[in-house]
Every structure is written in structure tokens, then in C-alpha cells.
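*Asks:* All I have is the shape, not the residue letters:
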């Protein structure tokens, strides 16, 4: 067997795996068949079912939020939790209801802010926000899996021989989550509905029983109120302390960004359009409002029950209620059998909370990075990204040794930065629309979240350090990807207006000659001198048919563009094609290939060599879309068309 035959055989052997991994990849990011891509009509669901999908993340925080509040605020936990609920209902909820209205296709607040910035500063801003989003979503996966492991380890029926293997168990849970996404996400909403329904029902039983015990044991309440007045006699001081510890409770705000990300799955009205999905927006707002209301009720009631009934020492690290306050009450008050059922429900929803986060990542990354040229083309497919995100989650689990407390700071930082960006986005949106009252209201909310974010970073700087690692990694990978894709043809479509098409048709009868021209004054002398120079450098007849091509660089940071070509006759004799693009060489290469396919003739294009250092000119091309035009155009053509007999001619003199 020859080497070529062996290579082809190996290619055929590897093809099934490659086809499976890339089966849902599309040429256009908007068509990516990820979990949050635009789903076909049969995948749309009523808003309350979709609420359960985001609820596996949001509601699962009940597994650890009461314990966090007790550790942070002590006997003030119910008051601090009430502050959290007020911020949720009066701050985060109105912000994200506005986000749902202004960004109804699942892009979230990032897309709203992207519209305000262009060029490289806009792309860099997106990368930074994606870094914080990655921190939020990846840590959601690892923290939730680690917390599920903690619930497994604390269960009295769990064998002693299996205790102390938190890292291995957490890795298995993360791997199982990755396997769900590798298989597909079609049944995720059905699973989420079941998990959320059971979990909330069990929590209702635990909280109702605990509140009944509080009401029937006045001594427990009096002990709590005595401790409250002894430690904090002044009511204003109590509120002030509750406000100060509020940033530590920020984990209870998770789920809102995911809530708007799942919007494409919400079933709208029959007359909804992609431009105006009124029914989808209404359903998403119901989703956000209902989820926030349910969570607020559980947060307040569970905080009262756990603070009054559980000794303070039990909340401390290593204590039986640390990170699992409601589970502690379930075992203590309702028996080990019920407690075990509660543990299983908590473990399941904490594990599946990572599904909501994974889906959020699979929604964000294909929408931005491949379109910006800052990720390989395979990043538009779900399965390769699942493998990448799962590997990152593995790494973080090992680094943090599956410790829930160690990951809390990074999680809170990611959540708060995204909520702050959303509050900022809606404030700017209201200001642009001259809605003065809403601008002031959203501005106040934004200031509150800015304070909360800064306080959280000061208190737990490890969170921003981890986010900085994600940001640096994303920026590094993005720049390398942009470099490696420098010679990729980045034009989606080429559209010739009637005049431009007529120019090409006329020249196709003989030889199609194009002259790349960087226009300045556009007077007759400029075109006459340019033509004379090209004729002298390339030794063809001065009366040959030629067409000047002029490219205007728009936003050089854009990667994929659409080419609109217009034709004009200047000074009575010079035919000119004008086009706008983010890159001169890419626009010229796309035009040449389009002309070849249109006329079935190989066009010629003529350049003059660019003066200056070649390395510097290449950097100008990468950053500004200009520079080393002739060789880069030729290289793009070479990579796009390997067959030399079909490749357009490039001349430089």
C-alpha cells in the first residue's frame, strides 16, 4: 500500500469521529445548533418549563445559600437575606426584564454593550466580559459538582470507605455532565422540570416543618431575638451591618444571566417574528419574575428556619450544617430516610446546575469568538467545545481540590460582574431613549451592583485573580487564533450592483484586468498616472481594458464581512469598482474568486509593491486591514484555491 493510500485510509478511519464531533457546525454563527441556538419550532416550550432549565442553577443555590448567610451575618442572617431579596426583586429583576426586551435572542447584556463599542476596543471589551462569563459558568459547573459531592459525603448511608475521595467523585460528576452534552441536549428541559419539581417540593416540606417548629417553640425564637438585641441593639446598626455583609451573599443572585440566555427556547405567539418576538419576550419576563419570586420566598423562610434552629457552630467549616443547612434540618427533623431522599434530590439538582452553565457557555462562545476570528472554526460546533469546557472544569476541580468554599469567591465575582454589566447596559439603553426616570432608577441599581462587586473583590480577591486567568487565557487564545487565521477568506457573500456587473461582463470578452488602487484625490491625473505606472511595470498595452478597484477599510477588527461592490465611471473614461471591507487583501481575493466563478475566466490583478518593512506591513494588515497587500492577497488565493490552473493571476511591480 502506498503512503498516499495509507493516508487516505487513515483519513477514512478517522472521519466518523470527526463527523460526529462537528455534526452541528454551521458556516454561520447564528445557525450553530447549540443548546441555545435558534431552535426549530418543535423545540419551543412554555415559559414555566424553560424556567426549570435556568432554575436548576438558580434554585440549587438553596443547597448552600442559608449556610453562607449564617456564616456571613450570624444572627443577622434573616435581615441580610431580606436585603438580598430586596436587591433581587427591586434591582436584578427589573434589569433583566429590560435585558429580555432589548436582547430577545439569547445574547444577553454582552450584546447590548457590544453595540456601543466598535473597532478593537469593542472586541477587547467582549473578551474581558467573556472571561468573567467563563468564570461564572465554569465555576458554576465545578462548584455545584463539588457541593453535590459534599452532600454525598455527609449522608449517613454513604460508606466510610468512600469518604475522603471528593476530587474523584467530583470529576466523575463533571464527566457525567459532559457526557450528557456529548450525547445531546434535547431532553434537558424534561430532566430539568422533573428535578426542579421534586427539589422544590422537598424544600417546601423541610421549610414548612422547620417553620412549624419555630412557631411551636417560642423559646427558640426568644433565644434568637435575645442574641440579636444583645449583639446588635440598634435597629439601624443591624441594617447597616446587613448591608455591609450583603456582597458575601451574592451567590443568591445567580441564574439571571442564564435566564435570558434560554429565551430562544421560550414559546412565543403564533405571529412572533425574529425582529419582534413579542410573545417570547412576555414569556421570558414571566420566567424571570416567577423564578425570582419563588427563590425570594425560599430564601427568607429558609434563613429564618436555619438561623433559629441550627446552632451557630454547626455552620462553621467542618460543621455538619456547613454548606448544607437545609439538608441538616431534613435529617435532624424528618429522619434519615427522608434526609437521604432530600440529599439525592439536592445532589441531582446541584449536578445538573452545571448543565445550565454549560449551555450558557455554548451559547456565548460560538456567537462571538469564531465570528471575530478569535477561535478555530470548529468552535462553532457544540461537542468539541464541550470537551474543552469539561477539561477546564477538570483542571479547576483538581486545583481547588473540590472545595466549595475556595470557589465561592470566583463564582460570586463572575455573577456580580455580569449583573453589573447588565445594569450598566440597561442604564445606557434608557439614556439613549431619553427615558429620564428609568435612567435614574437603573443608574442607582448599577451603582449598588458596582459597590457590591468592588466589595466582593476586596473581600475575596481570589475571585478576580481567577477571572483574570480566564481573561488572559481567552485573549491569548483569541490573538493566536486571529494570527493563524490571517490568510483565511473571511467574506461571506459578494454582491455586484448592475454597473459593476456590466464592467465585468464587458471585460470578460477579452482579458479581465483589475488595478488595485488606493485613492486619494480621485482626480483625473491620479487615475492617469496610476494607469501609466501599472502599464510600464507590467508591459501591457496602454489601451487595454482595465478596471480600477478601490477598497475602503471599515472596522478592521471585524473578521467576517459581506462585500457590496458598486461600479462608477469617473472623468468620462475610468471604470472603478468600489467596495468596503474590514481587510483590503480579503476583499480583493473574494472579488477575484467571485469574478472567476461568474465569468469562468481567470482575472488578473495588478499591484505595486508596498514600501517599508515587510514585518511591519504584515502587522498593519493584522491590526488595520492594510499593509502588505499583494503577497497577502496571493496567499489567501493560494489557500482558498489549491489548483493553480484555476487560481486568479496576481501581478506586482
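*Replies:* Done, it's in. Every value quoted in this text rests on a predicted model; they were computed, and no experiment measured them.

*Asks:* rest of the way, CA atoms for contacts and neighbours
*Replies:* Will do.

*Asks:* And stretch 254-266, what's buried?
*Replies:* 254-266 (16 or more other C-alpha atoms under 10 Å).

*Asks:* Would you mind measuring the gap between the ends of that stretch?
*Replies:* Length of stretch 254-266, first residue to last, C-alpha to C-alpha, to the nearest Å: 20 Å.

*Asks:* got the contact list for that stretch?
*Replies:* Applying C-alpha atoms under 8 Å, 6 or more residues apart in numbering, the contact partners of stretch 254-266 are 36-39, 43-47, 50-51, 53-55, 57-58, 92-93, 96, 99-100, 104-109, 280-281, 283-284, 287-288, 356-357, 360, 363, 415, 418-419.

*Asks:* Kindly report the same for stretch 176-189.
*Replies:* Residues from elsewhere that reach stretch 176-189 (C-alpha under 8 Å, 6+ apart): 35, 49-50, 52-53, 351-352, 354-355, 382-383, 386-387, 390.

*Asks:* Pick out the lowest-pLDDT one from those.
*Replies:* Lowest in pLDDT among these is residue 35, which has 40.

*Asks:* For the residue lying closest to residue 250 once chain neighbours are set aside, give me its contacts.
*Replies:* Once flanking residues are discounted, residue 250 sits nearest to residue 412: 5.8 Å by C-alpha to C-alpha, 6 or more residues apart in numbering. Counting by C-alpha under 8 Å, 6+ apart, residue 412 touches 136, 250, 251, 456, 463.

*Asks:* Could you do residue 164 as well?
*Replies:* By C-alpha under 8 Å, 6+ apart, the contact set of residue 164 is residue 153.

*Asks:* how far away is it from residue 170?
*Replies:* From residue 164 over to residue 170 (counting by C-alpha to C-alpha), the distance is 12 Å.

*Asks:* just residue 434 next, same as before
*Replies:* With C-alpha to C-alpha as the criterion, residue 434 and residue 170 are 50 Å apart.

*Asks:* more neighbours, the two?
*Replies:* Higher neighbour count among residue 434 and residue 170: residue 170, with 29 against 11, using other C-alpha atoms under 10 Å.

*Asks:* Could you say which helix or strand holds the more buried one?
*Replies:* Using DSSP states H and E, residue 170 sits within helix 166-183.

*Asks:* Can you name the element that comes right after that helix?
*Replies:* The first helix or strand that comes after helix 166-183 along the chain, using DSSP H and E, is helix 188-216.

*Asks:* For that next one, buried residues please.
*Replies:* With burial defined by 16+ other C-alpha under 10 Å, the residues of helix 188-216 counted as buried are 188-189, 192-193, 195-196, 198-200, 202-203, 206-207, 209-211, 213-214.

*Asks:* Can you turn the buried part of the contacts of stretch 254-266 into a ChimeraX selection?
*Replies:* Here is the ChimeraX selection string for the buried members of the contacts of stretch 254-266, based on 16+ other C-alpha under 10 Å:
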select :36,37,38,39,44,45,47,50,51,53,54,55,57,58,92,93,96,99,100,104,105,106,107,108,109,280,281,283,284,287,288,356,357,360,363,415,418,419
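
*Asks:* give me the beta-bridge partners of residue 563?
*Replies:* residue 494 (DSSP bridges).

*Asks:* how near is it to residue 591?
*Replies:* Residue 563 sits at a distance of 8 Å from residue 591 (criterion: C-alpha to C-alpha).

*Asks:* so what sits against both of those two?
*Replies:* With C-alpha under 8 Å, 6+ apart as the test, residue 563 and residue 591 both reach residue 494.

*Asks:* of those two, who's got more company?
*Replies:* residue 591 (23 against 20).

*Asks:* wait, that one sits on residue 493?
*Replies:* No. Counting by C-alpha atoms under 8 Å, residue 493 is not a contact partner of residue 591; they are 9.7 Å apart.

*Asks:* Let's verify residue 321: helix, strand, or coil?
*Replies:* Of the three states, residue 321 takes coil under DSSP: H, G, I helix; E, B strand; the rest coil.

*Asks:* tell me the pLDDT at it?
*Replies:* Per-residue pLDDT puts residue 321 at 85.

*Asks:* I'd assumed residue 580 was in a helix, is it?
*Replies:* No. Assessed with three-state DSSP, residue 580 is strand; it does not lie in a helix.

*Asks:* quick revisit: between the contacts of stretch 176-189, which sits nearest residue 271?
*Replies:* Using C-alpha to C-alpha, residue 50 comes nearest to residue 271 of those, at 20.3 Å.

*Asks:* Packing partners of the helix or strand hosting the closest one?
*Replies:* Taking DSSP H and E as the definition, one finds residue 50 inside helix 47-58. With contacts defined as 3 or more C-alpha pairs under 8 Å, 6 or more residues apart in numbering; DSSP states H and E, helix 47-58 has these neighbours: helix 188-216, helix 256-261, helix 278-309, helix 325-368.

*Asks:* what do you get if the cut-off is 10 Å, keeping everything else the same?
*Replies:* helix 119-154, helix 188-216, helix 256-261, helix 278-309, helix 325-368 (3 or more C-alpha pairs under 10 Å, 6 or more residues apart in numbering; DSSP states H and E).

*Asks:* Pipe those into CSV and attach distance to residue 646 per row.
*Replies:* As requested, the helices and strands packed on helix 47-58 are exported to CSV (distance: least, C-alpha to C-alpha, whole Å):
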stretch, distance to residue 646
helix 119-154, 35
helix 188-216, 48
helix 256-261, 45
helix 278-309, 49
helix 325-368, 33
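
*Asks:* so which of those comes closest to residue 397?
*Replies:* Proximity to residue 397 (C-alpha to C-alpha) singles out helix 119-154 among these, at 6.0 Å.

*Asks:* Leaving out the residues flanking it, which one is nearest to the spatially most central residue of the chain?
*Replies:* Compute the mean C-alpha point of the chain, and by C-alpha atoms, centre = their mean the closest residue is residue 364, 2.6 Å away. Nearest residue to residue 364, sequence neighbours excluded (C-alpha to C-alpha, 6+ apart): residue 107, at 7.1 Å.

*Asks:* Repeat that for residue 389.
*Replies:* Nearest to residue 389 is residue 138, by C-alpha to C-alpha, 6+ apart, at 7.4 Å.

*Asks:* just residue 538 next, same as before
*Replies:* Per C-alpha to C-alpha, 6+ apart, closest to residue 538 is residue 653, 6.7 Å.

*Asks:* For residue 609, see how far away that neighbour is.
*Replies:* Residue 653 sits 6 Å away from residue 609, going by C-alpha to C-alpha.

*Asks:* and what of residue 580?
*Replies:* For residue 580, the distance to residue 609 (C-alpha to C-alpha) stands at 22 Å.

*Asks:* more neighbours, those two?
*Replies:* For residue 580 versus residue 609, the count of surrounding residues by other C-alpha under 10 Å is larger for residue 580: 19 against 13.
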